[in-house]
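1. I need the structure of the sequence given here:
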Amino acid sequence: MNLFGDVSGAKPFLKWAGGKRQLIPAIQQALPADFERKVTTYVEPFIGGGAVMFWMLQHYRSITTAIINDINPDLTTAYQVIKEQPEELIKQLAAMQAEYYALIGEDVRREFFDKIRAEFNTRTLDSLRNTCLLIFLNKTCFNGLYRVNSKSKFNVPFGKYEKPLICDSATIRANSHLLSRVTILTGDFSETLKHISGRAFFYFDPPYKPLSTTASFNAYVSEVFNDESQQRLANFCRTLDEQEHYWLLSNSDVKNTDADNHYFDDLYDGFNIRRIQASRNINSKGTERGKISELLISNYQGVPELI
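-> Sure thing, here's the model as predicted:
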């Protein structure tokens, strides 16, 4: 029996920049050949929107333990509320959706949005209210982004959506069922190692290294995930390798803009590095969206050529 699955409809409840839903086929191909025989623990230290986690826990019956983590407390609080208080959250979101739908006119809706954003940014809300407002803002803001400034204030402007689905009760209930056996942590990625026993599989989806000075988007928290952080993550991956845990990591491919840039090839020297094709869909300019090379890096043999 699948301890997490037996539930359809579990999927990301937020639109999250850098979501990995489109890469799941490539990630599936890149799993260890003996994954289902040897892996019982799944760990995702940068959970984000959770597309890979929701898919993994529904498709692999060998997984009996799962641990997710993020440094963003708004995000991990939302996972916890969905896990523990789904019906209360649905009730609040349904009421907010009805109130929003009743507003006529862009200016009136923008004023309501700004009021909710200001309340969210007070940072004085209980977990349930904070999660309700987070989901509302995510569904009604420009491009469905989560972004904060250096003071941890949500600063994405109003989005012009006629009838956004603010209360997705079916997804919330399915997610709550799946998350009931998931450990949810808030903190640095390295802390996840303290919570596992036996051989684990780690999937890392950190804030990507920018391909240019204008292409950076990793403002999920006020702290910056810079080259020092990338180095720390690589060192952590080497520690996992020494302890015989499996890991798979996604990141940008700096060779997209500079063929002579060997940053990740050097940083993960000795490990398996493959380049896959992914769609760029975060750029504000439609002409600059499209296919782009990304990296899948792992510490085990047998990753097939994906392109």
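2. Quick one: the strands in the stretch 101-250 of the chain, in order.
-> Using DSSP state E, counting those that start in this stretch, the strands of the stretch 101-250 of the chain run over 182-186, 200-204, 246-252.
3. among those, which is nearest residue 43?
-> Relative to residue 43, the nearest member of the strands of the stretch 101-250 of the chain by C-beta to C-beta is strand 200-204, separated by 4.7 Å. For every residue, glycine as well, the C-beta is placed using N, CA and C.
4. ok, and the helix or strand in the chain with the lowest average confidence?
-> Sorting the helices and strands of the chain by mean pLDDT, DSSP states H and E puts strand 272-280 at the bottom, at a mean of 86.
5. next one: stretch 197-211 to chain centre, how far?
-> Relative to the chain's own centre, stretch 197-211 is displaced by 11 Å; criterion: C-alpha atoms, centre = their mean, to the nearest Å.
6. average pLDDT across it?
-> When the per-residue pLDDT values of stretch 197-211 are averaged, the result is 93.
7. For the helix or strand just after the least confident helix or strand of the chain, name the packing helices and strands.
-> Per DSSP states H and E, strand 272-280 leads on to strand 290-298 as the next helix or strand towards the C-terminus. For strand 290-298, the elements it packs on are strand 246-252, strand 272-280, judged by 3 or more C-beta pairs under 8 Å, 6 or more residues apart in numbering; DSSP states H and E.
8. quick one: the helices in this protein?
-> All helices of the chain, identified by DSSP state H, fall at 24-29, 35-38, 51-59, 73-84, 86-101, 106-120, 127-140, 169-179, 227-242, 263-267.
9. what would those helices look like in a markdown table with mean neighbour count and distance to residue 162?
-> Rendered in a markdown table, the data for these read as follows (neighbours: other C-beta atoms under 10 Å; distance: least, C-beta to C-beta, whole Å):
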| stretch | mean neighbour count | distance to residue 162 |
| --- | --- | --- |
| helix 24-29 | 15 | 30 |
| helix 35-38 | 13 | 43 |
| helix 51-59 | 22 | 26 |
| helix 73-84 | 20 | 25 |
| helix 86-101 | 16 | 9 |
| helix 106-120 | 15 | 10 |
| helix 127-140 | 22 | 11 |
| helix 169-179 | 20 | 20 |
| helix 227-242 | 15 | 40 |
| helix 263-267 | 16 | 42 |
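10. Would you tell me which of those gets closest to residue 294?
-> Between residue 294 and the helices of the chain, the shortest separation by C-beta to C-beta is 8.8 Å, and it involves helix 24-29.
11. ok, and which of the helices and strands packed on strand 290-298 has the densest surroundings?
-> Across those, the average number of neighbours (mean count of other C-beta atoms under 10 Å) peaks for strand 246-252, which reaches a mean of 22.
12. between it and helix 227-242, how many degrees?
-> With axes from the mean of the first three to the mean of the last three C-alpha atoms, to 10 degrees applied, the angle from strand 246-252 to helix 227-242 works out at 160 degrees.
13. what mean pLDDT does strand 246-252 have?
-> 97.
14. Begin at 47, not 1, for the rest of this chat.
-> Sure thing, new numbering starts at 47, so read that last one as strand 292-298.
15. Show me what that strand is packed against.
-> Applying 3+ C-beta pairs under 8 Å, 6+ apart, we find strand 292-298 packed against strand 246-250, helix 273-288, strand 336-344.
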